[in-house]
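1. Everything below, folded, please.
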Amino acid sequence: MMDLAQTEAGLLLLALLFLFLGLGVWIGLALMLVGFCGVVVLPWLIPAMPAMPVEKVMGTAIWQAMASWTLAALPLFIWMGEILFRTKLSEDMFRGLAPWVQRLPGRLMHVNVIGCAIFAAVSGSSAATAATIGKMSLPALTQRRYHLPMAMGSLAGAGTLGLLIPPSIVMIVYGVAAEVSVVRLFIAGVLPGLLLVALFSGYIAVWSLLHPELTPPRDPSMPLRQKLRESAQLVPVMLLIGFVMSSIYFGWATATEAAVFGVVGALALSAWGGTLSWASLRDSLMGATRLACMINLILAGAAFLTQAMAYSGIPAAMGAWVGEQGFSPGMIILVLTVIYLILGCFIDGISMIVLTASVVLPVISAAQFDLVWFGIFIVLVVEMAQITPPVGFNLFVIQGLTGQGIFAVARATLPFFLLMVVAVAIVTVFPGIVTWLPRTMLSG
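-> Numbering: from 1, shown residues only. Okay, here's the model as predicted:
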C-alpha cells in the first residue's frame, strides 16, 4: 500500500521532470536533475528512506548502467546502419524489388513495405528506415502517378518496422533497462514484424482492389533473367543480414559479436560498391557516435533516477498496490497503451522506455506478465507513437520528403496506425506469437 508520503514524493518527482523538460533541458540531464532532487529531498518526505550520499548513488547507478557488455552492441549496430545508409542501398532496393511486385494489387506501393522491412534489419531506427526508402520510392511513385496519400501512409507506417525487426535500438535499450536477454527480444520480434508486414501489404492490396482507378497500370513486364539481374545488387546485403541474424539466433555469436560482424560486413559492402571514402567513413562514425552518446546519456540519467526511486520504495509500493487492486491483465495493458500513446505525442520512444521503466516494470512483474512479451508490446506501442502527431518523427520525415502538411501526412497514415492497434490486440490475445519462437529456439 502506498502511503501519503510516497504518493506526494512521486508526484513531486513527476512535476519536477515535466518542469525540466518544459524548460528545454536535455532529457538525460533532466533525469539526472530529478534523481539528484530525489536523493536530496525524498528523505525529508519519507522518514523510512535512508539518507544516501549523492555522489555514491550517482556513481554506482551510472557505472552499473554503462558497464554492460550488451550495451556495447548499441553503437555498433547504429554504425552498421549509418554505413549502409550512405551506400546505394535504397536505389538498389527499389530497382531490385519493383519487378517482383508488379502483379500484386497495389503494385509498387508494396516496395515501401518490403523495402522498409529489409532496411529495418540493418538500421534499427524508424526514422532512418522511412527516410532511406522514401528518398527513392516516393519520387518514383509520384512520377508514375500513384495515389500520394497511400504512398505517404504506407511509407510512414512501414518505416516503424525499423524498431521491431531486429536489430532494434529500442529493443537493446529495453533489454538493458529491464535486464532481459537482448537475444530473446531479437528472436521474439521476428513473428510480430512479419505480422505487421502482412497487415500492411494486405491492406494495400485490399485498398487497391477497391480503388482500381487510383492504381496506375503496371510497368512493362521483364523476363526472369532481367529480374534476377536487377535484384543482384540486393543479394550481398541480404546475405549480410542473414549472417548477422543467424549468428544471433543460432547461438554462434552474442548480439555484440554479431554487431561487430555487421560493421565489418557493411564496410566491405561499402568498399565493394565504391561508396566508402574517408568522408563517408568519418560521417558514419560521427553520426553513430552522436546518437549512441545521446542514448547513453538518457540511460545514465534514467539509471540514477531509478536508483533514487528504488530507495524511496515508490516502484515496489506501486507494484504491490496494483496487485492488491485485482486489475485484470487486459485493463493494465489498455491503460499502459493509452499512457504510452499520450507520451508518444511529446517525447521519443527511447526516452519513453527509460522514463517509465522504474515504475512500469514492477507493475508488470506484479501482474506476472512475461518481460520478453512486454518488451515486444512496448516496442509496438512506441512504433504507434512514431506516427502520432504532433511529435511523430516518421511524420516529420515524410513531410520533409513530400512538402505536405504534417496533418495531411497524419491523415494518410491513420489506416496504418489502426493496423498497429490490431497488431497490439492480436499479440495480447495470442501472446504465443511473441513467446513461441524464442522459447523454441533457446529451449536447449
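
2. before we move on, what SS does the residue nearest to Val41 when sequence neighbours are not counted have?
-> Once flanking residues are discounted, Val41 sits nearest to Leu12: 7.2 Å by CB to CB, 6 or more residues apart in numbering. Yep, even glycine has a C-beta here, placed from its N, CA and C like the rest. When classified by DSSP: H, G, I helix; E, B strand; the rest coil, Leu12 comes out as helix.

3. ditto for Phe327
-> coil.

4. Could you report the distance from the nearest residue in space to it that is not next to it in sequence to Arg439?
-> Nearest residue to Phe327 in three dimensions, chain neighbours excluded: Ala367, at 7.4 Å (CB to CB, 6+ apart). As for Ala367, its distance to Arg439 is 20 Å (criterion: CB to CB, to the nearest Å).

5. cool, and Thr256?
-> Relative to Arg439, and taking CB to CB, Thr256 is found at 23 Å.

6. Those two: which has the busier surroundings?
-> Neighbour tally, Thr256 and Arg439, criterion other CB atoms under 10 Å: the higher count belongs to Thr256, 18 against 15.

7. pLDDT wise, what is that one at?
-> Thr256 carries a pLDDT score of 83 in this model.

8. try Arg184
-> You'll see Arg184 listed with a pLDDT of 90.

9. same thing with Pro167?
-> Confidence at Pro167, expressed as pLDDT, is 78.

10. dump the residue contacts of it.
-> Applying CB atoms under 8 Å, 6 or more residues apart in numbering, we find Pro167 in contact with 73, 77, 80, 121, 124, 186, 244-245, 255, 258-259, 262.

11. In those, which has the lowest confidence score?
-> Gly124 (65).

12. Nearest residue to Ala302 in space, please, no chain neighbours.
-> Distance criterion CB to CB, 6+ apart; nearest residue to Ala302, sequence neighbours excluded, is Val354 at 3.6 Å.

13. make that Arg184, sorry
-> Pro438 (4.4 Å).

14. where do the helices sit along the stretch 151-300 of the chain?
-> Secondary structure of the stretch 151-300 of the chain (DSSP state H, counting those that start in this stretch): helices located at 161-164, 169-178, 182-188, 190-210, 224-231, 234-249, 255-272, 278-312.

15. Just say which of these is most tucked in.
-> helix 161-164 (a mean of 29; mean count of other CB atoms under 10 Å).

16. What about the residue nearest to Gln404 when sequence neighbours are not counted, how many residues nearby?
-> Of all residues not flanking Gln404 in the chain, Met152 sits nearest, at 6.8 Å (CB to CB, 6+ apart). Met152: 26 surrounding residues under other CB under 10 Å.

17. for this protein, where's the lowest mean pLDDT among helices and strands?
-> Ranking every helix and strand in the chain by mean pLDDT, DSSP states H and E puts helix 314-325 at the bottom, with a mean of 62.

18. Now for the residue nearest to Gln404: which residues touch it?
-> Met152 sits next to 138, 398, 402, 404, 409, 412-413 when contact means CB under 8 Å, 6+ apart.

19. on that earlier part again, what's the neighbour count on the residue nearest to Val41?
-> Burial of Leu12 is recorded as 16 neighbouring residues (other CB under 10 Å).

20. Asp219 now?
-> Count around Asp219 with other CB under 10 Å applied: 12.

21. which residues of the stretch 201-350 of the chain score low on pLDDT?
-> Low-confidence segments of the stretch 201-350 of the chain (pLDDT under 70): 310-326, 345-348.

22. Might one say that Trp26 is in contact with Leu297?
-> Yes: the criterion here is CB atoms under 8 Å, and Trp26 meets it with Leu297 at 7.1 Å.

23. Common neighbours of those two, please.
-> Common neighbours of Trp26 and Leu297 (CB under 8 Å, 6+ apart) do not exist.

24. ok, residues contacting stretch 284-304?
-> 26-32, 35-36, 57-58, 61-62, 64-66, 71, 74-75, 78-79, 81-83, 85-86, 169, 173, 176-177, 350-351, 354-355, 357-358.

25. And the spatially most central residue of the chain, how close does it get to Gly330?
-> Nearest to the geometric centre of the chain sits Leu163, at 2.6 Å (CA atoms, centre = their mean). As judged by CB to CB, Leu163 and Gly330 stand 24 Å apart.

26. Could you do Val25 as well?
-> 37 Å.

27. Looking at those two, which is more packed in?
-> The neighbour count for Val25 versus Gly330, taken as other CB under 10 Å, is higher for Val25 (16 against 10).

28. what residues are up against the nearest residue to the more buried one once chain neighbours are set aside?
-> With sequence-adjacent residues excluded and distances taken as CB to CB, 6+ apart, Val25 is closest to Leu33, at 7.0 Å. Neighbouring residues of Leu33 by CB under 8 Å, 6+ apart: 16, 20, 25.

29. Need the phi and psi values for the last one.
-> Which is Val25. Dihedral pair for Val25: phi -70, psi 140, per degrees, to the nearest 10.

30. Tell me the pLDDT of it.
-> On the pLDDT scale, Val25 gets 81.

31. ok, it to Met286 distance?
-> 24 Å.

32. Isn't Met68 up against Val176?
-> Actually, residue 68 is Ser rather than Met. Yes: at 5.7 Å, Ser68 counts as touching Val176 under the criterion of CB under 8 Å.

33. Name the member of the contacts of Met152 that has the highest neighbour count.
-> Neighbour counts for these peak at Ile398, which has 29 neighbours (criterion: other CB under 10 Å).

34. need the contact list for His211.
-> His211 is in contact with His147, counting by CB under 8 Å, 6+ apart.
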